[in-house]
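J.: got a structure for you, letters missing:
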């Protein structure tokens with residue numbers, strides 16, 4: 001996928017928060033968090049809820065990977 005959520009996982013570490021805590025906070029399904037763990041796309045409303053809860057911008061949690069960097 002062209003996007004990476006690694007920035008989000010580092011942000012969770014900074015906040016001393018687990019993926020499960022994030023999931024419950026944003027009221028997302030386990031499959032949504034799993035998709036993000038595999039760098040798959042999720043709905044923008046999920047990104048909105050994450051940014052609202054963590055008080056950040058999308059670029060703080062998502063990174064675009066050009067084709068040559070994806071492998």
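T.: Good, I have the coordinates. Small disclaimer: the values here were computed from a predicted structure and weren't measured.

J.: Give me the buried positions along the lengthiest helix in the chain.
T.: Longest helix in the chain, counting residues (DSSP state H): helix 44-54. Neighbour counts over helix 44-54 (16 or more other C-beta atoms under 10 Å) mark 46-47, 49-51, 54 as buried. In short, each C-beta sits where N, CA and C put it, glycine included.

J.: separation between residue 56 and residue 28?
T.: Noted for residue 56: a distance of 16 Å to residue 28, by C-beta to C-beta, to the nearest Å.

J.: do residue 59 as well
T.: Going from residue 59 to residue 28 by C-beta to C-beta gives 20 Å.

J.: and what of residue 6?
T.: 18 Å.

J.: So which of the two has more stuff around it?
T.: For residue 6 versus residue 28, the count of surrounding residues by other C-beta atoms under 10 Å is larger for residue 28: 20 against 13.

J.: That one and residue 48 touch, don't they?
T.: No. Here residue 28 lies out of contact with residue 48, judged by C-beta atoms under 8 Å, at a distance of 11.5 Å.
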